[in-house]
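Novice: Have a look; sequence and predicted model below, questions after that.
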Amino acid sequence: MPTKTFSSMKKALLVSTGLMACGLFAPQASADESSAFSLSANAAIYTQYRFRGLSLSNHDPAIQGGFDVSHESGFYVGTWGSSIEPYGGSEFEMDIYAGYASQIGDLSTDIGVLAYTYPGSSDTYYVELYGSIGGTLQDTVDWTLGAAYVWDQENVGSTDNIYLYLDGSMPLGETPFSLAGHVAYEDGAFGTDKWDWSAGVAYAFEQFELSVSYVDTNVSGIGKAAIVAGISASF
C-alpha cells in the first residue's frame with residue numbers, strides 16, 4: 001500500500017499536482033453532435049506527482065494522462081495514470097473510475113467509485129468511494145466540497161480511511177490567469193490527523209495550461225513543502 005495519505009473525478013481529486021495537486025483545465029469533449037456519448041482526454045508532465053499533499057514520485061518529475069467517456073445522462077467512466085516511484089514491483093499507477101455527475105439548481109454534484117491499481121504488482125489495489133458538491137460564489141469563485149472514503153480492505157491493512165477537502169478557484173479578471181486553493185483533512189489507513197493544503201496560479205492558452213503551486217502538509221519527508229510546476233493539455 002503506497003503512502004497515500006480525488007476530478008470531481010473529473011480528477012479531484014485526484015486530484016493531481018496542478019494547482020490543487022491537479023490542474024484547473026477542463027477537458028474538451030469531442031463527439032458527433034448526434035451522439036449521446038462524448039470522449040475527452042488529458043496529458044500532463046509535472047515536476048513531481050503530489051497526491052493529497054504527498055510526493056508519490058520521490059520528488060522526481062512525473063508523466064500523467066487519461067481519458068473519459070461520458071453520456072449525456074451524466075454517467076461517465078474513465079482511466080488515468082501516472083509514473084510513480086517503484087512500489088511493489090510497479091512504477092505506474094493506473095486509476096479506473098465510474099460515476100454520475102448532475103446539476104441540481106446552481107449546484108454541481110458528482111458521486112462515483114475509483115479503483116487504484118499498480119500494474120506489475122500484486123495485493124496493492126484498493127477501491128475508494130467519492131462524492132462532491134460545488135457551486136459558484138458571486139459569479140466569480142468556484143468551490144467544491146468533497147469526500148473520499150476507503151472502507152476496510154485487506155490491501156489497506158483492514159482499516160478504513162476518510163479524506164475531506166475544500167477546493168476553490170477564480171479567474172483573474174479577463175486575463176487567461178486563474179488562482180486556486182485547496183485544504184483537506186485525512187484520517188485512517190493513510191494518515192492520522194493529516195492535513196494538506198496548496199495554493200497556486202495557472203495560465204491557460206488554447207487547450208494547454210501552465211501551472212505553478214505551493215503544496216504543503218503536516219507530514220515530513222514525502223509531505224514536505226514544495227513548489228510544483230507543470231504543463232497539461234486537454235483534448
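Specialist: Looks like it came in fine. Residues are numbered from 1 along each chain as shown.
Novice: Going along the chain, name the helices of the protein.
Specialist: With DSSP state H as the criterion, the chain has helices at 8-11.
Novice: Any regions of it where pLDDT drops low?
Specialist: For the chain, residues meeting the criterion pLDDT under 70 lie at 1-33.
Novice: The same query, at a cut-off of 80, please.
Specialist: For the chain, the stretches with pLDDT under 80 are 1-34.
Novice: Tell me the residue in it that is farthest from the middle.
Specialist: Computed with CA atoms, centre = their mean, the residue of the chain farthest from its C-alpha average is residue 34, at 30.5 Å.
Novice: list the contacts for that one?
Specialist: Listed by CB atoms under 8 Å, 6 or more residues apart in numbering, residue 34 has no contact partners. Every C-beta, even on glycine, is put in place using the N, C-alpha and C of the backbone.
Novice: Ok, residue 79 next?
Specialist: Each residue near residue 79 by CB under 8 Å, 6+ apart is listed here: 66, 67, 94, 95, 96, 97.
Novice: 6 Å - rerun?
Specialist: Neighbouring residues of residue 79 by CB atoms under 6 Å, 6 or more residues apart in numbering: 66, 96.
Novice: That one bridge partners, please.
Specialist: Beta bridges link residue 79 to residue 67, residue 96 when assigned by DSSP bridges.
Novice: could you measure it against residue 195, distance?
Specialist: 29 Å (CB to CB, to the nearest Å).
Novice: before we move on, what about residue 77?
Specialist: Separation of residue 77 from residue 195 (CB to CB): 32 Å.
Novice: again with residue 130
Specialist: Separation of residue 130 from residue 195 (CB to CB) stands at 19 Å.
Novice: can you check residue 154 too?
Specialist: Noted for residue 154: a distance of 28 Å to residue 195, by CB to CB.
Novice: who's more crowded, those two?
Specialist: Shown here are residue 154 and residue 195; by other CB atoms under 10 Å, residue 195 has more neighbours (16 against 9).
Novice: what about the nearest residue to the more buried one once chain neighbours are set aside, neighbour count?
Specialist: Once flanking residues are discounted, residue 195 sits nearest to residue 218: 4.9 Å by CB to CB, 6 or more residues apart in numbering. Neighbour count of residue 218, defined by other CB under 10 Å: 12.
Novice: for the one 4 residues further on, same thing?
Specialist: If you count neighbours by other CB under 10 Å, residue 222 ends up with 22.
Novice: Strands of this protein, start to end?
Specialist: Counting by DSSP state E, one finds strands in the chain at the ranges 37-46, 50-51, 54-55, 62-71, 75-87, 90-104, 107-117, 126-137, 141-153, 159-171, 177-188, 191-205, 208-217, 226-234.
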